[in-house]
Each structure stands twice: as C-alpha cells, then as structure tokens.
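J.: just coords:
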C-alpha cells in the first residue's frame, strides 16, 4: 500500500494476524492506536474494528492470515466497513471507527 493510503476501519468474523514486512503505519484496533514497523505482528480478534494509514515514505508491505476457530464458514464472510459513508472515498476514509468502540475490559 502506497504512502498516505488509508485502509478504512472494518471488521469480520474471522480472527486475523498481520506481519509487517516493510514500511510503517498508524494502526487502529478498536480503541487502541499504535505505530507499526517491519517485524511487528498485529492481532485482530473476531469482529475487532481495525484499519490503518501508511506513514513515512515507503509502501507498506505486510502478509496476513485469517483462520477458523471451529466454524469454517467465517472464512467465506467478507469484511464490513465500519463507516461505509466515508470509506468509499480516499479523502474521507478513516482508519478508526467513528465513534470509537467502547474500551474493552481486560
């Protein structure tokens, strides 16, 4: 993904892991934001709201994995945009949910 690109906030029923190969991004998972760089791993629990904006001057290169925890049908269900009214345009796409999801108790 090119520098400055925003992958809008979305969620899906399958859990997911990303491994950052190159580049940097501001990554949002529910109510948390962090800067990720090569070597970082990001986990999304099922239905976690997540998205990111590529920062810096290099493209973001990452690999990802979805899996099933017993219900194989989750792998055939696509992601849903959290704020579809803004997600369809690059200039209004937001990597975080608006409003942010409530803070989860740990």
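T.: Cool, got the structure. From a predicted model like this one, the values you see are computed outputs, not experimental measurements.
J.: and the lowest-mean-pLDDT helix or strand in the chain, what does it pack against?
T.: Ranked by mean pLDDT, DSSP states H and E, the weakest helix or strand in the chain is helix 84-87, scoring a mean of 84. Counting by 3 or more Cβ pairs under 8 Å, 6 or more residues apart in numbering; DSSP states H and E, the packing neighbours recorded for helix 84-87 are strand 6-11. To be clear about C-beta, it is placed using only N, CA and C from the backbone, and glycine gets the same treatment.
J.: surely residue 49 meets residue 33?
T.: No: using Cβ atoms under 8 Å, residue 49 is not in contact with residue 33; the gap is 11.7 Å.
J.: when the two are compared, which one has more neighbours?
T.: More neighbours surround residue 49 than the other of residue 49 and residue 33, with 20 against 13 (other Cβ atoms under 10 Å).
J.: against residue 77, how distant is that one?
T.: 16 Å (Cβ to Cβ, to the nearest Å).
J.: kindly report the same for residue 55.
T.: In this view, residue 55 and residue 77 are 30 Å apart by Cβ to Cβ.
J.: comparing the two, which residue is more hemmed in?
T.: Set residue 55 next to residue 77 and count neighbours by other Cβ under 10 Å: residue 55 wins out with 17 against 12.
J.: what separation do you get for that one and residue 85?
T.: In terms of Cβ to Cβ, residue 55 sits 25 Å off from residue 85.
J.: also residue 70?
T.: Noted for residue 70: a distance of 34 Å to residue 85, by Cβ to Cβ.
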